[in-house]
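Novice: what follows is a predicted protein model with its sequence.
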Amino acid sequence: MTNRLLTSADIYKALEDVKDPEINTVSVVDLGMVEDVVIEGSHITVKMLPTFLGCPALPIIQKNVEAAVKTLAYAEEVKVEFLHSPSWTSDRISEKGKAGLKAFGISPPPKHMAEDGSWHVDCPYCGSTYVTLDNIFGPTACRSILYCRSCKNPFEAMKPMIKTM
Amino acid sequence: MSNEETAAVKELLYQLADDDFIHSYRGSEWLGLAPHIEEDVAASSITQDTMGHAAMFYQLLEELDEGDANQLAHDRPASERKNAIILELENGPGHYMGEPAYDWAFAVVRNYFYTQAKMIKIQSLQSSSYQPLADIAVKVRMELYYHLLHWKTWFIQLMGSGHEEAMTRMKAAIEKTSSDIRGVFSYGGHHDSFVQEGLIEDEAVLLERWQQSVTPVLEGVGLGNVEAGLALGDGRKGIHTKDLETALDTLREVYAIDKAATW
């Protein structure tokens, strides 16, 4: 077999180059959107989880993933499947993904939500905890708009999506 | 799946899909018209999520060989639509392209009442015997958490504002919405098959749960119980108002020019 060298590690490496079209410092892998990669000879299926169901970036992500994997030698047929289960949750974002979000001016989602539904993030620019939430809803489905009272910068935060919500 | 089970699943999916589709369309008509810029961002984000939910339900119908999801959303006449009538009613007089006199009080009440109803149905669907629907329900519930928080906050703030015009308009909107909210819980005569197949719980149980959720909120702003009615008829049975026809004509205007066009 000429394609024995193609491993899932190769695919994940290629997917590191596929960034979220709306946050170009974070890859789809670091966002936790890649659930599984199935290699059957030269046929590759990338199984992905949508972050939000109405996210208009999904078809673009799909196209970019297919194009990135197709650049690999021996990858003849590439398919992206969006799974219904498990649900994407914000704790799937890797440490590298969180750093990438901060670099874009977006606070990573908090790990926990208090019992009353409140949550807290720090300013991605100065690290201050003195921030206010302006709007739970932001420019994209997954983001909220906040304001830092310390460095006086508006910033965004990734909404927590937690199983217990 | 048996033929009976497949038929029941399809019927339920049409009801869920058509509800979210027309509700999302009515939400989209507010774009640029919401009371302030932050609300414009929030309401349109919620509307986008909701259209995503409708798309997932149509997608499940496509997987059951009902045809293309886009075609199901755009190409079915009003008489085939299964949405509850309360969701199709126009936002107010006037036209989006002219001088819309939309009623924000009605938008807030309809959004709050419907989102609370949807939350209760979605929680029940998480235990649905139809696994693809149960899977999607888990995801929809997490997004809905934010929608419900948002509309409940608006409802309480407008009703608790002490502002005379706000309260008068809210009370009128509550009356208008509650007189048809039961349509959201109707299974359109398919109750027995839905419940027997384990797709979703009894509609009376869900309606009771809805009453239990909204009553403390209503009492908190000095109001009594609302009577959930079905005044304009049962949309699940294909009964609709001219508002639905007008909405469908508008939303598929471009699609109808060339149905085979690719985008």
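Specialist: Thanks, I have the structure now. Source: prediction; values computed, not measured.

Novice: which helix of the chain spans the most residues?
Specialist: Because you didn't say which chain, this covers chain A. The residue-count maximum for a helix in chain A (DSSP state H) belongs to helix A:58-70.

Novice: hmm, no, I was thinking of chain B.
Specialist: helix B:131-159.

Novice: what does chain A have sitting close to chain B?
Specialist: A:50, A:52-56, A:84-85, A:87-89, A:117, A:134-141, A:145, A:159, A:161-163, A:165 (CB under 8 Å from any CB of the partner chain). C-beta: built from backbone N, CA, C; applies to glycine.

Novice: can you classify the residue of chain A found nearest chain B by secondary structure?
Specialist: Nearest residue of chain A to chain B, counting by CB to the nearest CB: A:G54, 2.3 Å away. Using DSSP: H, G, I helix; E, B strand; the rest coil, the structure places A:G54 in coil.

Novice: that one touches B:A55, doesn't it?
Specialist: Yes - using CB atoms under 8 Å, A:G54 makes contact with B:A55 at a distance of 7.2 Å.

Novice: so those two - more neighbours on which side?
Specialist: Of the pair A:G54 and B:A55, A:G54 is the one with more neighbours under other CB atoms under 10 Å in any protein chain shown, namely 21 against 18.

Novice: name the nearest residue to that one, ignoring sequence neighbours.
Specialist: Spatial nearest neighbour of A:G54, excluding adjacent residues (CB to CB, 6 or more residues apart in numbering or on different chains): B:G52 at 2.3 Å.

Novice: neighbours of the one you found, how many?
Specialist: B:G52: 22 neighbours (other CB under 10 Å).

Novice: ok, it touching A:T51?
Specialist: No - when contacts are counted by CB under 8 Å, B:G52 is not listed as touching A:T51 (10.7 Å).

Novice: can you tell me the helix or strand for residue 46?
Specialist: As the question left the chain open, I've gone with chain A. Taking DSSP states H and E as the definition, one finds A:V46 inside strand A:43-48.

Novice: not quite, I wanted chain B
Specialist: Using DSSP H and E, B:I46 falls in helix B:37-63.

Novice: helix or strand next in line after that helix, which one?
Specialist: helix B:69-74.

Novice: what residue in the stretch 151-263 of chain B comes nearest to chain A?
Specialist: B:T153 (9.5 Å).

Novice: quick one: contacts for A:I60?
Specialist: If you count contacts by CB atoms under 8 Å, 6 or more residues apart in numbering or on different chains, A:I60 has them with A:P21.

Novice: oh, that last question was meant for A:M158, not what I typed.
Specialist: A:S90, A:I93, A:L101, A:I106, A:S107, A:P108, A:P109, A:C142, A:R143, A:S144.

Novice: shared neighbours of B:G52 and A:T51, which are they?
Specialist: A:A141.

Novice: for residue 6, grab the count of nearby residues.
Specialist: Going with chain A. By other CB under 10 Å, the residues close to A:L6 number 19.

Novice: wrong one, I was asking about chain B
Specialist: Neighbour tally, B:T6, other CB under 10 Å: 14.

Novice: swap in A:L31?
Specialist: Neighbours of A:L31 (other CB under 10 Å): 26.

Novice: helix/strand/coil for the spatially most central residue of chain A?
Specialist: Nearest to the geometric centre of chain A sits A:L31, at 2.4 Å (CA atoms, centre = their mean). Classification of A:L31 using three-state DSSP returns coil.

Novice: per-residue confidence at it?
Specialist: If you check A:L31, the pLDDT there is 97.

Novice: identify the residues contacting it.
Specialist: A:D20, A:T51, A:R92, A:I93, A:G97.

Novice: make it 7 Å
Specialist: Residues counted as contacts of A:L31 (CB atoms under 7 Å, 6 or more residues apart in numbering or on different chains) are A:D20, A:T51, A:I93, A:G97.

Novice: so the residue of chain A closest to chain B makes contact with A:T140?
Specialist: No - counting by CB atoms under 7 Å, A:G54 sits too far from A:T140 to count as a contact (10.3 Å).

Novice: any of the residues of chain A next to chain B buried? List them.
Specialist: A:50, A:52-55, A:84, A:87-89, A:134-138, A:140-141, A:145, A:159, A:161-162 (16 or more other CB atoms under 10 Å in any protein chain shown).

Novice: strands - which of those residues land there?
Specialist: A:D134, A:N135, A:I145 (DSSP state E).

Novice: and which of those residues is nearest B:A101?
Specialist: B:A101 has its nearest neighbour among these in A:N135, at 26.2 Å by CB to CB.

Novice: what's across from the residue nearest to the closest one when sequence neighbours are not counted in the sheet?
Specialist: Nearest residue to A:N135 in three dimensions, chain neighbours excluded: A:I145, at 4.3 Å (CB to CB, 6+ apart). Using DSSP bridges, the beta-bridge partners of A:I145 come out as A:N135, A:E156.

Novice: what's the local residue count around the closest residue to A:D91 other than its chain neighbours?
Specialist: Excluding the flanking residues, the one nearest A:D91 by CB to CB, 6+ apart is A:K111, at 6.4 Å. A:K111 has 10 neighbours, counted by other CB under 10 Å.

Novice: thought A:K111 was touching A:T89?
Specialist: No - counting by CB under 7 Å, A:K111 stays clear of A:T89, with 10.8 Å between them.

Novice: looks like A:V65 contacts A:E81 (just checking).
Specialist: No - the pair A:V65 / A:E81 is not scored as a contact, 10.5 Å apart, by CB under 7 Å.

Novice: more crowded one of the two?
Specialist: Counting neighbours by other CB under 10 Å for A:V65 and for A:E81 shows that A:V65 has the greater number, 22 against 12.

Novice: name all residues that make contact with B:F57.
Specialist: B:L13, B:L16, B:A17, B:D20.

Novice: quick one: name the residues of the stretch 1-150 of chain B near chain A.
Specialist: B:38, B:41-42, B:45-46, B:48-49, B:51-53, B:56, B:132, B:135-136, B:138-140, B:142-143, B:145-146, B:149-150 (CB under 7 Å from any CB of the partner chain).

Novice: tell me who's in contact with residue 102.
Specialist: Since no chain was named, I'll use chain A. By CB under 7 Å, 6+ apart, the neighbours of A:K102 are A:P108, A:P124.

Novice: look at chain B instead
Specialist: Contacts of B:Y102 (CB under 7 Å, 6+ apart): B:W30, B:L33, B:N91, B:G92.
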